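[1] Just to be clear, the model below is a prediction. Sequence and coordinates:
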Amino acid sequence: MKKNIVALAVASAIAAPVAMADAPTVYGQVNQALEQRSADNFAGDKVEASSGTYVDNRASRLGVKGSSDLGNGMKAVYKVEFSLGMNGGGVGDRNQYVGLAGGFGTVLMGRHDTPTKMIQAKDLFNDARLSDNRRIGGELGAFGRSMENRVNNVLAYVSPSFGGVKLIAATSPSETSVDGDESSISDLYSVAVAYGSKKEGLYLAAGMDSANENTTGVADTEAQHTRVVAQYATGGLIANAMYQDFGGDAIEDTVREGSNIMANVGYKFGKIMPKVKVSMVDRVNDFEDSTNYAVGVNYSMGKKTTAYAEFAKTEHIGGNAADGSDAEESAFSVGLLHKF
């Protein structure tokens, strides 16, 4: 209830007159899709509970952000962003922080994406259920999110650009204890290096997350995640690839251990952009692997409004099925995204 009240208070600022310097910016997006889903299990039988027609909310959000000049080349920066469950899902927390920025870079405290998540290649598929980065990456890793981690208690640093290169680092004490250990600033740390811009030209990045037992929740265990990204954008073309590896004894010999490679390609001409996305997940031992592909087209209805149609399919290969058969999921969707 409190979160709903806060979100409504933020929304009311949209209509409020701005009469002072350093005024905050209210922003957000609403993204809804009509989706037809189908799922078959390893026996080849249709899974009725996961099939049918859905109205899918795709990362709709509302936020307020801004900065205030402190003099001497320094400013305070802040952001408070909420996820919006447009179909009755309520309000949730996204990136929320306060910090300082200047010639030294930017220092933040609060809740934020890890640096490894921040460097991801551009996702062309609108946070779709089957083809967003988390699901298409097999939900690998200690947190089951394929490196798409947003964590609490963050202390983060973003460096200035040095010849196009930026360093991003973050730590997060768990504020919990496993096996009697104290909460530590090194319970979870994430470091990434990025070169170039995601908007134009060549973009290269690499990052890693490391979590100790206070974060994994299992005594005497650790988890490590690594990600490497390459992207090129010019004119209407955008093409990228991302490799991810997930290991550590916290997830050893489980469905969370393995690797993933995915790629996006899109080309915009006029108001239309065809796009395609492919992902392959390789899990350890006898756990099922999976292959996912998605195809779609975006249509720009205005500067801030995009209509889209997409088809995605995931094939779960082999795994522990006695006969080595496959399971499948597919979804066709049409949707509308509006940003403000």
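    Happy to help now that I have it. Residues are numbered from 1 along each chain as shown.

[2] Paired strands for the helix or strand where E328 lies, with orientation please.
    Using DSSP states H and E, E328 falls within strand 327-339. Using DSSP bridges, strand 327-339 pairs in its sheet with strand 25-40 (antiparallel), strand 305-317 (antiparallel).

[3] Tell me which of these lies nearest to R129.
    When the strands paired with strand 327-339 are compared by Cβ to Cβ, strand 25-40 sits nearest R129, at 6.9 Å. For every residue, glycine as well, the C-beta is placed using N, CA and C.

[4] Against Y299, how distant is the residue nearest to the spatial centre of the chain?
    Nearest to the geometric centre of the chain sits E148, at 4.4 Å (Cα atoms, centre = their mean). Using Cβ to Cβ, to the nearest Å, we find E148 at a distance of 27 Å from Y299.

[5] Y189 too?
    Distance, Y189 to Y299, by Cβ to Cβ: 42 Å.

[6] Who has more neighbours out of those two?
    Neighbours per residue, other Cβ atoms under 10 Å: of Y189 and Y299, the larger number sits with Y189, 20 against 14.

[7] check contacts around that one.
    By Cβ atoms under 8 Å, 6 or more residues apart in numbering, the contact list for Y189 reads A169, A170, T171, S172, D209, S210.

[8] okay, it: pLDDT?
    According to the prediction, Y189 has pLDDT 93.

[9] Go ahead and list the helix or strand containing it.
    Applying DSSP H and E as the criterion places Y189 in strand 188-196.

[10] where along the stretch 151-300 of the chain do the strands fall?
    Using DSSP state E, counting those that start in this stretch, the strands of the stretch 151-300 of the chain run over 165-172, 188-196, 201-211, 223-234, 237-247, 258-267, 272-283, 289-300.

[11] burial count for the residue lying closest to S172 once chain neighbours are set aside?
    Leaving aside its chain neighbours, S172 sits nearest to L188 (4.3 Å; criterion: Cβ to Cβ, 6 or more residues apart in numbering). By the criterion of other Cβ under 10 Å, L188 has 27 neighbours.

[12] In this protein, where is pLDDT below threshold?
    Within the chain, the ranges that satisfy pLDDT under 70 run 1-21, 318-325.

[13] thinking again about what came up before, A309 versus the residue nearest to S172, what's the distance?
    To A309, L188 is 39 Å away according to Cβ to Cβ.

[14] again with T171
    On the measure of Cβ to Cβ, T171 and A309 end up 42 Å apart.

[15] Counting neighbours, go ahead and name the busier of those two.
    Neighbours per residue, other Cβ under 10 Å: of T171 and A309, the larger number sits with T171, 18 against 14.

[16] Check for me that R134 belongs to a helix.
    Yes: assessed by DSSP: H, G, I helix; E, B strand; the rest coil, R134 belongs to a helix.

[17] so what's the residue nearest to S172 up against?
    By Cβ under 8 Å, 6+ apart, the contact set of L188 is T114, V151, T171, S172, P173, S174, D209, S210, A211, N212, T215.

[18] wait, S174 sits on T216?
    No: in this structure S174 lies outside contact range of T216 using Cβ atoms under 8 Å: 9.3 Å.

[19] Can you get me a residue count around the nearest residue to E222 once chain neighbours are set aside?
    The spatial neighbour of E222 that comes closest, neighbours along the chain excluded (Cβ to Cβ, 6+ apart), is G248 at 4.9 Å. When neighbours are defined as other Cβ under 10 Å, G248 has 20 of them.

[20] wait, G248 sits on V218?
    No: using Cβ under 8 Å as the test, G248 is too far from V218 to be in contact (10.4 Å).

[21] Please tell me how far G105 sits from A233.
    For G105, the distance to A233 - Cβ to Cβ - is 25 Å.

[22] ok, G180 - contacts?
    Taking Cβ under 8 Å, 6+ apart, we find G180 in contact with no residue.
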